[in-house]
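Q: Need coordinates for the following:
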Amino acid sequence: MRKAFIQLHIAVFLAGFTAILGKLIQLNEGLLVWYRLILSVIILGIIMVDKKQLKFIAFPDLLKITGVGFIIAFHWVAFYGSIKYANVSVALVCFSATGFFTALFEPFLLKKKIKLAELLLGIMAITGIYIIFDFHPQYKTGIIFGIIAAIGSALFPIFNKQLLNRFTPRMLTFYELGGGFIILSLMLPLYLKGFPAENFFPSFSDWIWLIILAGLCTVISFDLQLRALQKISAFTINLSYNLEPVYGILLAFLLFHENKNLHPGFYFGLALIILSIFLQMIRVRKEVKNNAK
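A: So this is what the prediction gives:
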């Protein structure tokens, strides 16, 4: 369990860094995700071929995995849209609504009982987001994108939890990203009509950031997250990912000086979110100790 938590928090830190890269890459969010997916599939494919880990899977399973891949692509487009239409700090805080949506979706989709403690902790996090929204109405579009991203993020590990019983984390990641790439490629022309792009091709610096984003923050981060998911519940994974805003916001303050543009209400909302994270960690630790007795 300890190893799983270490893997999880390395993945969370890398996920926080993706927001910084999203700010640095000067591409429309749809195109950014398209390039991220194709580079990630190529990098992971090379690794798997070299280690002879790439295997074909049955078509019905491929359809299910592709569906999860669409959720990933959907989540990423919304997440980077939130950064483009608001800023890194606001986008990352909205992402904290993931715990709330997981507490609602996981019992329904997996036919489990709703855990009141998880629901209350999720509500605490989303209350923090509401406070931030109330003080920063100019970020309305970015916040809406951020909430949509949180919904996608909540659904992804719930479906993956079941698939991990049958497929290795690396194989699952390869086919999910590949499926997400195919579906996004089909939908991208329609998306760009609603959200036009100024540039369709990355600049030299964009290519550097995209390679880092694909290799370090996607391939490695996903592998760590899925390995942790084999030992830890989807809700705990998602609530732990609420630390992503903490890491990302600190980096945004340091690199982009976003703290100069934020109202004190932002910090009050953020404090509620951080509190919900630590309360969940305490609760999970107690559960583990009780089960070990």
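Q: ok, residue 221 to residue 12 distance?
A: 9 Å (C-beta to C-beta, to the nearest Å). In this view, the C-beta of every residue, glycine as well, is placed from N, C-alpha and C.
Q: Please disregard the earlier target; I meant residue 278.
A: Counting by C-beta to C-beta, the gap from residue 278 to residue 12 is 14 Å.
Q: Check residue 30 too.
A: Taken as C-beta to C-beta, the span from residue 30 to residue 12 is 25 Å.
Q: What does the pLDDT read for the residue lying closest to residue 253 once chain neighbours are set aside?
A: In this structure, residue 253 finds its nearest non-sequential neighbour in residue 259, 4.5 Å apart by C-beta to C-beta, 6 or more residues apart in numbering. Looking at residue 259, its pLDDT is 70.
Q: what about residue 259, how many neighbours?
A: Counted with other C-beta atoms under 10 Å, residues neighbouring residue 259 total 14.
Q: which SS state does it fall under?
A: Secondary structure, DSSP: H, G, I helix; E, B strand; the rest coil: residue 259 is helix.
Q: Point out the other helices and strands that the host helix or strand of residue 143 packs with.
A: Residue 143 belongs to helix 140-163 when assigned by DSSP states H and E. Helix 140-163 is packed against helix 59-85, helix 88-94, helix 98-110, helix 116-135, helix 169-194, helix 221-229, helix 234-240, with contacts defined by 3 or more C-beta pairs under 8 Å, 6 or more residues apart in numbering; DSSP states H and E.
Q: who wins for proximity to residue 251 among these?
A: In terms of C-beta to C-beta, the element of those nearest to residue 251 is helix 88-94, at 7.8 Å.
Q: ok, back up a step: more neighbours: which of residue 278 and residue 12?
A: For the pair residue 278 and residue 12, the greater number of neighbours falls to residue 12 (23 against 12), based on other C-beta under 10 Å.
Q: Mind telling me what element the more buried one is part of?
A: helix 2-24.
Q: orientation of the helix holding residue 143 relative to helix 169-194 in degrees?
A: In terms of direction (axes from the mean of the first three to the mean of the last three C-alpha atoms, to 10 degrees), helix 140-163 departs from helix 169-194 by 150 degrees.
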